[in-house]
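Asker: Need the 3D shape of this:
(2 chains)
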Amino acid sequence: MKDMASQPVIEAKGLNLVFQTADGPVQALKDVNLTINQGDFVSFIGPSGCGKTTFLRAIAALETPTSGTLRVNGMTPDEARRKRAYGYVFQAAGLYPWRTIAGNIKLPLEIMGFSKAEQDERTERVLELVELKGFGKKFPWQLSGGMQQRASIARALAFDADILLMDEPFGALDEIVRDRLNEETLKLWARTGKTIGFVTHSIPEAVYLSTKIVVMSPRPGRITDVIDSPLPKERPLDIRDSREFIEIAHRVREGLRAGHHED
Amino acid sequence: MNRVLPVLTVLAGIVVIWYAASVWMNATWVFDQAERAGTTVTWAEVIPQTMNQDRPLLPPPHQVGAELWKGLAGQAVTSKRSLVYHGFVTFKGTMMGFGLGIVAGVLLAMAIVRFRVMDMSVMPWAIISQTVPIVALAPMIITLSSQLGLTDRDVPKAIIAAYLSFFPVLVSMVKGLRAPDQMQLDLLRTYGASEGETFLKLRLPASMPYFFASLKVAVAASLVGTIVGELPTGAIEGLGARMLIGSQFGEPLIMWASLFAAAILAGLLIVIVGFVERLARKRMGVPG
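Answerer: Sure thing, here's the model as predicted:
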């Protein structure tokens, strides 16, 4: 595992992405260069329109870059998808209301052709991983917003992708639930050793979670700073009061402000 | 009780207005009779005489009720005078048209959602089809199908019923199949789901609430279509034919009893559809 730790998992070189809109072309990503290594927890932070979500979607082959190269596990994003390289968690849990929690988690497994027995076994395992053991038979409306989002994370984990892409997964939740889910996400990351790409617009969330913070700014969407966090892997919630934490948060804030000055 | 009381109040109101209208409309005949006999009648004498005429302009509720009871329970259900017999004929036609309408509506909706060219070419025609009065179209469909050698009246009746009932299903299913948002579609894309899987696992289940909402409208439309299909010349079976016979032979009681039998049938059909909907909702985990 140790020598794997420096393997690049996601590599972007000179990446540009232009949307054609009714008001003319919009440069969503401009000359993005970034390397994400195996086991990294990378946060993308920036104001809306900075391209953080677009970049995540490009990694997931939901958007196609206009130019530049993007490799996921050494493959194109499209090939990587077919190899089940990543699980994607959206801002809304997006659980199917007509399926139970277990049924929702089985959705990708059904599509990917896992056997019935394996579906059941994997569902049990990921439910335990997100601390929803015993909730498999419930319907989504019977769960709180935070629990629903945990179920959607379980769904993304079910098929054992090495990469977990999370697009503002806790953005719609209240602060207290968010804190708990942040803690749990770190635990999950430590236990599974996955590479995580995490979009957020919360500075404390980005600093608390990440080993690498990518600060982005809008018009055109670009990377203005990449911060390698010196915080230890083990992070209790009160690490947020430590000097290092406040220093990193300060640097992120400065980066965000600098991006805005260029407007 | 809280739900029953308003319904009963409205019902009582209708009955009162109905009786008043019966007295008013049937009194003309009583006055004519008196005039011909050279006598005069007072209102106190007129009112009882408006209640039990053989051929009233507007039969009062108790006469219609009695005729309806006679038609439903007064004879063997195989008798040509039995409303159960005629009701079953209409029910059969309604179900055939309903089934045909559902199949046509769902298939068209699938094609319209899948192919843009179908959306642009078929949808306007589907809307135009509903602006053609069905009473004008029904005889044509019946003539055409007998030209084609279909002597059985079931087929043209089902076509007419389906012509009315496919439309609500089509409109609702188009909306329902398009209900999933971009995020849900993206999610399936990240799984590498095929178009067929997207349809079966997302679009189809997401459209079910829309589908069941349309069924209640469709089943009522199908019943209307079937009755219209039974009206044109030649039909001797079904509630529509019964109504026409009542009107043509000056038997208002038969007409009114058939009308109420049709209303009861419509109520039963809607209750059945509602029951099926509740079963489906329960299966799909909808609360309540």
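
Asker: Which of the helices or strands spans the most centrally placed residue in chain A?
Answerer: Nearest to the mean C-alpha position of chain A, by CA atoms, centre = their mean, lies A:Met166 at 2.5 Å. Assigned by DSSP states H and E, A:Met166 falls within strand A:163-167.

Asker: Now do the contacts for B:Leu231.
Answerer: The contact partners of B:Leu231, by CB atoms under 8 Å, 6 or more residues apart in numbering or on different chains, come to B:Val135, B:Ala138, B:Gly240, B:Ala241, B:Met243, B:Leu244. (Each C-beta comes from the backbone N, C-alpha and C, glycine too.)

Asker: Pull out the buried residues from the residues you listed.
Answerer: B:Ala138, B:Gly240, B:Ala241, B:Met243, B:Leu244 (16 or more other CB atoms under 10 Å in any protein chain shown).

Asker: of all the residues you listed, which two lie farthest apart?
Answerer: B:Ala138 and B:Met243 (14.1 Å; CB to CB).

Asker: Outline the domain layout of chain B.
Answerer: Here the domain assignment for chain B is B:4-58, B:83-283, based on automatic domain parsing.

Asker: deepest of these, which one?
Answerer: Ranked by mean neighbour count, the domains of chain B are led by domain B:83-283 with a mean of 19 (mean count of other CB atoms under 10 Å in any protein chain shown).

Asker: I'd assumed A:Glu184 was in contact with A:Glu131.
Answerer: Yes: counting by CB atoms under 8 Å, A:Glu131 touches A:Glu184, with 6.8 Å between them.

Asker: list the residues that contact both of the two?
Answerer: With CB under 8 Å, 6+ apart, A:Glu131 and A:Glu184 have common neighbours A:Arg150.

Asker: count of neighbours near A:Arg81?
Answerer: When neighbours are counted by other CB atoms under 10 Å in any protein chain shown, A:Arg81 registers 22.

Asker: any idea of the pLDDT on it?
Answerer: pLDDT for A:Arg81: 88.

Asker: circling back to that earlier point, now tell me what touches the strand holding A:Met166 from outside.
Answerer: So strand A:163-167 is contacted by A:9-10, A:53, A:56-57, A:59-60, A:72-73, A:85-91, A:153, A:156-157, A:194-199 (CB under 8 Å, 6+ apart).

Asker: same thing with stretch B:133-144?
Answerer: B:153, B:156, B:159-160, B:163-164, B:224-225, B:228-229, B:231-234.

Asker: Just read off the phi/psi values of the closest residue to chain B within the stretch 101-250 of chain A.
Answerer: Closest contact between the stretch 101-250 of chain A and chain B, by CB to the nearest CB, is at A:Phe139 (3.9 Å). Dihedral pair for A:Phe139: phi -90, psi 160, per degrees, to the nearest 10.

Asker: Which strand or helix spans B:Ala126?
Answerer: helix B:116-129.

Asker: other SSEs contacting that helix?
Answerer: Applying 3 or more CB pairs under 8 Å, 6 or more residues apart in numbering or on different chains; DSSP states H and E, one finds that helix B:116-129 contacts helix B:83-114, helix B:154-177.

Asker: Minimum distance to A:Pro108: which of those helices has it?
Answerer: helix B:154-177 (21.7 Å).

Asker: what helices or strands is that closest one leaning on?
Answerer: helix B:83-114, helix B:116-129, helix B:134-147, helix B:204-230.

Asker: do that again at 7 Å, thanks
Answerer: Packing partners of helix B:154-177 (3 or more CB pairs under 7 Å, 6 or more residues apart in numbering or on different chains; DSSP states H and E): helix B:83-114, helix B:134-147, helix B:204-230.

Asker: Could you dump those into JSON lines with mean pLDDT added?
Answerer: Output for the helices and strands packed on helix B:154-177, formatted as JSON lines (pLDDT from 0 to 100):
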{"stretch": "helix B:83-114", "mean pLDDT": "94"}
{"stretch": "helix B:134-147", "mean pLDDT": "86"}
{"stretch": "helix B:204-230", "mean pLDDT": "93"}
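
Asker: State the next helix or strand along the chain beyond the longest helix along chain B.
Answerer: Identified as the longest helix of chain B according to DSSP state H is helix B:4-37. Using DSSP H and E, the next helix or strand after helix B:4-37 towards the C-terminus is helix B:43-49.

Asker: What is that next one packed up against?
Answerer: Looks like helix B:43-49 contacts helix B:4-37 (3+ CB pairs under 7 Å, 6+ apart).

Asker: For the helix it packs on, the averaged confidence score.
Answerer: 91.

Asker: name the helices or strands packed onto that helix?
Answerer: Going by 3+ CB pairs under 7 Å, 6+ apart, helix B:4-37 lies up against helix B:43-49, helix B:61-73.

Asker: If you average pLDDT over each of those, which is lowest?
Answerer: When I compare the helices and strands packed on helix B:4-37, helix B:43-49 is least confident, with a mean of 84.

Asker: hmm, who's touching that helix?
Answerer: Identification of contacts with helix B:43-49 by CB atoms under 7 Å, 6 or more residues apart in numbering or on different chains yields B:Val23, B:Ala27, B:Val30.

Asker: and which of the residues you listed is nearest to chain A?
Answerer: B:Val23 (55.7 Å).

Asker: does that closest one really touch B:Thr50, like I thought?
Answerer: Yes: here B:Val23 reaches B:Thr50: they are 4.8 Å apart, a contact under CB atoms under 7 Å.

Asker: Now do the shared contacts for these two.
Answerer: Going by CB under 7 Å, 6+ apart, no residue sits against B:Val23 while also sitting against B:Thr50.

Asker: Name the residue of the stretch 1-150 of chain B that lies nearest to chain A.
Answerer: Closest point on the stretch 1-150 of chain B to chain A, by CB to the nearest CB, is B:Val106, at 17.9 Å.

Asker: Grab the nearest non-local neighbour of that residue.
Answerer: Computed as CB to CB, 6 or more residues apart in numbering or on different chains, the closest residue to B:Val106 that is not its neighbour in sequence is B:Met173, at 5.6 Å.

Asker: Repeat that for A:Gly49.
Answerer: Spatial nearest neighbour of A:Gly49, chain neighbours left out: A:Pro218 (3.9 Å); criterion: CB to CB, 6+ apart.

Asker: How confident was the prediction at the one you found?
Answerer: For A:Pro218, pLDDT reads 88.

Asker: Specify the local secondary structure of A:Asp225.
Answerer: strand (DSSP: H, G, I helix; E, B strand; the rest coil).

Asker: typed the wrong thing, it's A:Gly197
Answerer: strand.

Asker: Was I right to think it contacts A:Leu56?
Answerer: Yes: at 5.8 Å, A:Gly197 and A:Leu56 qualify as touching, with contact defined as CB under 7 Å.

Asker: More neighbours: these two, which one.
Answerer: A:Gly197 (26 against 22).

Asker: Run through the bridge partners of that one.
Answerer: For A:Gly197, the beta-bridge partners are A:Val42, A:Leu165 (DSSP bridges).

Asker: And it, what's its pLDDT?
Answerer: 94.

Asker: what does B:Trp125 give?
Answerer: So, for B:Trp125, pLDDT stands at 91.

Asker: Distance check, it against B:Thr131.
Answerer: Taking CB to CB, to the nearest Å as the measure, B:Trp125 falls 11 Å from B:Thr131.

Asker: B:Trp43 too?
Answerer: 48 Å.

Asker: again with B:Met51
Answerer: Distance of B:Met51 to B:Thr131, computed by CB to CB: 44 Å.

Asker: Check B:Ala34 too.
Answerer: Distance from B:Ala34 to B:Thr131, by CB to CB: 50 Å.

Asker: Now do the helix or strand in which A:Gly255 is found: which elements does it pack against?
Answerer: Assigned by DSSP H and E, A:Gly255 belongs to helix A:243-261. Judged by 3+ CB pairs under 7 Å, 6+ apart, the packing partners of helix A:243-261 are helix A:203-209, strand A:212-217, strand A:222-228.
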